[in-house]
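Chemist: what's the 3D shape of this:
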Amino acid sequence: MRPVRLTMQAFGSYGRQTTIDFEAADQNLFLITGDTGAGKTTIFDAIVFALYGEASSSTNKKDGTELQSQYVDSSVQPFVELTFTEGRGENIREYTVRRVPRHIRPLKRGKGEKEESESVSLIMPDGTEYPPKETDQKLEEIIGLTKNQFMQVAMIAQGEFMELLRAKSDDKKVIFRRLFHTELYQKIVEELAGRRREKQKDIARIRTECQTEAGHIVIPDMSDTEENFTCENAARLEMLKKRIISSDRLSVSDMEQLLGELRRLCDFLKSRTDSISREYDGANKEYLEKRDAYNNALQLIRRFEELEQAEKDLAECADLAEKMKEIGKIIAEIQAAYEIQAVYVRFEDAEKTVWEMKKNLEEQEKQIPGLEASYQKNAENEIHAAELLEQESQSFTRISERVEKALDVLSRIRKAQEQVKKSARALDKAEAENKSASQAVKSLEENEKMWRAQQERLGDAEAQLVRWQAKNDKASEIAGEIAETEKLQSEAEVQRRKAEKAGQIFVRASEAYEKKNEEYENVRRIFLNTQAGFLAREQLRPGKPCPVCGSLDHPHPCELSEEHRDLNRETVDLLGKEAETYRKEQEKAAADSRAAAELLKEKETNLNTALEKLKLRMKNGDEEEFSLERMKEKLSVWKQSLVKEGSVIQENVRAFRQLQKQLRQVEEEKSRRKEKADQAAQNLMQAQAELAGAQAELKSLESSRDFATEAEASHVLAEAKQKKDQAQAAYDHAKKAEQSAKSALENARTLTERYKKELPLQEETCGKRRDEYESVMTEKDLTETEWKDLTEKYERSETERLQKKIDAYNQKKTAAESRKALAKEAIADQNRPEPEEIRAARDAAEKRMNSLKQELETVRTDYKADENVYQALAPKMEERAEIMAEHKRLDDLYSLLSGNVTGARMDIETYVQRYYLQRILYAANARFLDMSAGQFELRMRDIETAGAGKNRGLDLMVYSNVTGKEREVRTLSGGESFMAALSLALGMADQIQESAASVNLDVMFIDEGFGSLDEHSRDKAVRVLQEMADGSKLIGIISHVTELKQEIEDQLIVRKDEEGSHVRWQIS
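Modeler: Sure thing, here's the model as predicted:
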């Protein structure tokens, strides 16, 4: 990045528009000089503000209205415009950024002022404008540095040139990461941390799974002593189960003991299952035998009962035998009576048909003479009616032709009258349209005048809308910032709870470690004090020399107390390992607590920064009332007023645009309305002519009418039609009467002939059916009286009911005979058994079988559950061992690379960055030695001490060639510190330029600091900068030191008067 041109207006001490062309200088090293307060530092403020939206100083931050100049009227818009290049060689690209700070301007109408929000514009190398909302991020991407990093590397501001020199290693690490892309090593550490966390989760998962499986262990009641699994085994297993389930950590020792006891329990339950299964099989076999004996006894009793019932049924059938015979005889007589009845009905029907046919023949022969006379009379009436109909039809035809002609004339007269009325209405309409068209032209001209007046009144509506949208955008931005601040507040609160929890965990871990360590030290002391007792117990034998004193007699060997009799080295070592584990947990908890506290501090800092920014944005100077809720209330009130204001403004804009549209269309509308008025006048003349023609035609038709009205003509035609219709009706009636009389006469003659022909045949059929009837009565041996009595006494269906009685009787008898035979065959020579004894024996066998079955199911279920638990837990322990080994490897590697090892707190990224810092110091010391006359050089902390206590891998020391000792850079004097900081900045610039980094910094500004140097040191420093400027780097020095004006030829002179600051180049 290299500045090309800087333009300022109403910015700081610069009132009028001022442009600085950095390419005007002949040399890359130039001096910015002027009186104190002339506006020299403001130039740097403008460059940094253009790039980052803030002034250069980090201790005295200025933005917004604080940057607005007081040397011009507030109506002058403040802005900074910076044109700069990025890249080298053929890849140089030019950018222009223009930034307007938040400022106050007077209202366009009326008195008062309003605040305008900040805006920024970035013109890309291709001439396009970058989206404003993303411009800040894009600028940082182009420069490759944040504002703080830019200030430390490219711009050494007044009072701040020591920050990079004295920055902590962690702060330097962030800068070097951006410059030299060492984030890969940070990602490696983060990846190791992630994998380590995953393994910790796996360990926790296995612990949970083991505890869950342990909870499924079923321990049976061991009240009776067993050979393979005793009550003591059960109690030990129960104790191990509870301890594992309730423990926060999974003890390998407890798990191994649990698996051993569980295996012993499973073997015992398997043996017990097999034993009970054999007992159950024997009991089941015995029960089946008893059950079959009981069932056979019940079957034999049922056979005896069936034999008794069959003999009883046969006795009843014998008593009913005679009655069944009588019922059979009655069934035969009823069936015969109904057969005779069917033949009698046919005979009766034939006899009735003969009688009716004779009666009808007699009646028809009597009617024929009267029907002949009626037919003759109706034929004469039909001829007379036909003659009358012919006369009336001819009269109707003549009258119809006359009326039709008259109706045509009357219709034409009516149409002519309608045409006259229509023409009159058309004339009225044409006159009205002509008047309306003239009035419309006049009305449009009046509206045009009114619209133009309204347009002039609303002329500022769209400008008001733009201003309102700017205010609305600002409100939205503040709302977003409030939401982001609330999020930061929530995150800080969450982190505060996490930090408190981490602190509590550390306290508990510390207490646990102290307790376990105290226990270990006590046991260890007791163990050491009782070594002689252990020796006596383990090695002293009668007649053998004592390994301590050599005596062969041992009258008083050391006796161990009962409490410490089982104490051994393995127990002491185990407690030592447990104490070491607690210590590691304490250290880890301490590290977690520190990390949580640091993260809390960072989040609270971010929150406070956001709150301060919001406070400035909202102009809230009252510290006591300042809060997010108060800001939200103020913003809500402002938004409500903006909504109301926006509603009015948008309505005005809509009205203004509608007026513009109407005025654009008014000329076209006036022309159209005038054409319409001319057409209305022509239509009026045409309507007048059409009305006169219609009146003349109506007068001609009135003289040729035959009837006064259509109603009169229609009445005459209706009378003629009525007479014709009456004659037609009389004819139709006479014709119908003649045809009816003729049909009746012909029907009577036909029936007479048919009856005469069919009567002999019917009489013959009747005789045959009488003979058949008498023959059937003889065959069935029943008289007419007997069969009629039977049909009256019995219904035909009665035979079915009686037959069912006989069938039931026969079925009962047959079934009883069959059952009797089968029962006798089944019983044979057996006696009737007694079932109670057999049932009691069966119930006892069943009870014993069910008891064994329930016991077998209980033991089998317990065995299956415990065997499943064992099969699940055994592989888990193998998996845990593998995961623990992998976790230890990752934990050791993470601790080493992240700097979490005691005495080695330097992480791998810092270690790598020391390589770059070493190269920077190599270039920096070349200048520092020169400036300090060979007295000083900068060095990094020793690798051995860089990680002691905390990470100091990038901390700087100063080595004195005079004393041969190293000391802190903070001990340097003001002038020495300036030379050291300048040398470091120059060395860093060299390293950046040499490296393949994406940051191209071809600029460096130095604000003051030369006043702290003596003449010799100042000459050295200037010579170093001149050598550096011989390349492509642009170096600007701001200073009021008089001697520098003689050493640096190209000078930007800044002066200040009552109109503000002014600049001019003085080129050698």
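
Chemist: can we go C-alpha only for contacts and neighbour counts from here?
Modeler: Fine.

Chemist: Roughly how far does L465 sit from V76?
Modeler: 21 Å (CA to CA, to the nearest Å).

Chemist: right, I mislabeled it, should have said E322
Modeler: Applying CA to CA, the value for E322 to V76 is 143 Å.

Chemist: Show me which of these two is the more surrounded one.
Modeler: V76 (17 against 10; other CA atoms under 10 Å).

Chemist: how close does that one get to I47?
Modeler: 20 Å.

Chemist: And for D35?
Modeler: 20 Å.

Chemist: So between the two, which is more surrounded?
Modeler: Higher neighbour count among D35 and I47: I47, with 23 against 14, using other CA under 10 Å.

Chemist: Looking at strand pairing, list the partners for the residue nearest to the more buried one when sequence neighbours are not counted.
Modeler: Nearest residue to I47, sequence neighbours excluded (CA to CA, 6 or more residues apart in numbering): L82, at 6.8 Å. For L82, the beta-bridge partners are L6, V97 (DSSP bridges).

Chemist: Correct me if wrong: L82 contacts V100.
Modeler: No. Taking contacts as CA atoms under 8 Å, L82 lies outside contact range of V100: 11.8 Å.

Chemist: pLDDT value on V153, please?
Modeler: V153 is assigned 70 on the pLDDT scale.

Chemist: which element is the closest residue to it other than its chain neighbours on?
Modeler: Counting by CA to CA, 6+ apart, V153 lies nearest to A985, which is 5.9 Å off, once chain neighbours are set aside. Under the criterion of DSSP states H and E, A985 resides in helix 974-994.

Chemist: Show the subsequent helix or strand relative to that helix.
Modeler: strand 1003-1007.

Chemist: helices and strands around that next one, which ones?
Modeler: Packed against strand 1003-1007 by the contact rule (3 or more CA pairs under 8 Å, 6 or more residues apart in numbering; DSSP states H and E) you find strand 155-156, strand 1034-1038.

Chemist: Out of these, which is closest to D281?
Modeler: strand 155-156 (98.4 Å; CA to CA).

Chemist: does I217 sit in a helix, a strand or a coil?
Modeler: On the three-state scheme (DSSP: H, G, I helix; E, B strand; the rest coil), I217 is labelled coil.

Chemist: Distance of D313 relative to K415?
Modeler: D313 is 113 Å from K415, by CA to CA.

Chemist: If you could redo that for S510, that was the one I meant.
Modeler: Distance from S510 to K415, by CA to CA: 121 Å.

Chemist: Then E1049?
Modeler: Distance from E1049 to K415, by CA to CA: 114 Å.

Chemist: Between those two, which is the more surrounded one?
Modeler: Per other CA under 10 Å, whichever of E1049 and K415 has more neighbours is E1049, with 17 against 14.

Chemist: Check whether the more buried one sits in a helix, strand or coil.
Modeler: coil.

Chemist: Let me have the helices and strands packed on strand 1003-1007 in a markdown table, adding distance to I301 and mean neighbour count as columns.
Modeler: Below are those laid out as a markdown table (distance: least, CA to CA, whole Å; neighbours: other CA atoms under 10 Å):
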| stretch | distance to I301 | mean neighbour count |
| --- | --- | --- |
| strand 155-156 | 121 | 25 |
| strand 1034-1038 | 128 | 24 |
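
Chemist: show me where the stretch 1-150 of the chain has strands.
Modeler: Here the stretch 1-150 of the chain has its strands, by DSSP state E, counting those that start in this stretch, at 2-9, 18-21, 29-34, 79-86, 93-100, 103-106, 113-116, 119-123.

Chemist: Scan the helices and strands of the protein for the one with the lowest mean pLDDT.
Modeler: helix 531-539 (a mean of 53; mean pLDDT, DSSP states H and E).

Chemist: Give the other helices and strands that the helix or strand just after it contacts.
Modeler: Downstream of helix 531-539, the first helix or strand assigned by DSSP H and E is helix 569-618. Packing partners of helix 569-618 (3+ CA pairs under 8 Å, 6+ apart): helix 461-529.

Chemist: and the helix it packs on, average pLDDT?
Modeler: 83.

Chemist: now that helix: how far from the chain's centre is it?
Modeler: Relative to the chain's own centre, helix 461-529 is displaced by 28 Å; criterion: CA atoms, centre = their mean, to the nearest Å.

Chemist: Repeat that for stretch 204-220.
Modeler: 37 Å.

Chemist: Stretch 34-52 too?
Modeler: With CA atoms, centre = their mean, you get 52 Å for stretch 34-52.

Chemist: residues of it that come out buried?
Modeler: 34, 38-52 (16 or more other CA atoms under 10 Å).

Chemist: and if you look at stretch 94-112?
Modeler: E94, Y95, T96, V97, R98, R99, V100, P101, R102, H103, I104, R105.

Chemist: With distance to R569 and pLDDT as added columns, please give those in CSV.
Modeler: Shown next, in CSV, are the buried residues of stretch 94-112 (distance: CA to CA, whole Å; pLDDT from 0 to 100):
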residue, distance to R569, pLDDT
E94, 78, 93
Y95, 77, 95
T96, 79, 96
V97, 77, 96
R98, 79, 96
R99, 77, 94
V100, 79, 93
P101, 77, 91
R102, 77, 90
H103, 81, 89
I104, 84, 89
R105, 87, 88
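
Chemist: In stretch 181-200, which residues are buried?
Modeler: T182, Y185, Q186, I188, V189, L192, A193, R195, R196, K199, Q200.

Chemist: Which residues are in contact with K270?
Modeler: R860, Y863 (CA atoms under 8 Å, 6 or more residues apart in numbering).

Chemist: one more time with 10 Å, if that's ok
Modeler: Taking CA atoms under 10 Å, 6 or more residues apart in numbering, we find K270 in contact with R264, V859, R860, D862, Y863, K864, E867.

Chemist: nearest to Q504, of these?
Modeler: E867 (41.4 Å).

Chemist: any idea how far the closest residue to K168 other than its chain neighbours is from S977?
Modeler: Among residues not flanking K168 along the chain, D955 sits closest, at 6.4 Å (CA to CA, 6+ apart). Distance of D955 to S977, computed by CA to CA: 15 Å.

Chemist: before we move on, what about L82?
Modeler: 32 Å.

Chemist: Looking at these two, which is more packed in?
Modeler: L82 (24 against 20).

Chemist: F44 is in contact with the more buried one, correct?
Modeler: No. Using CA atoms under 10 Å as the test, L82 is too far from F44 to be in contact (11.4 Å).

Chemist: Quick check: neighbours shared by the two?
Modeler: In contact with both L82 and F44: A50, using CA under 10 Å, 6+ apart.

Chemist: Where do the helices of the stretch 601-750 of the chain begin and end?
Modeler: Assigned helices in the stretch 601-750 of the chain, in chain order: 628-702, 710-780 (criterion: DSSP state H, counting those that start in this stretch).

Chemist: Cheers, nothing more for now.
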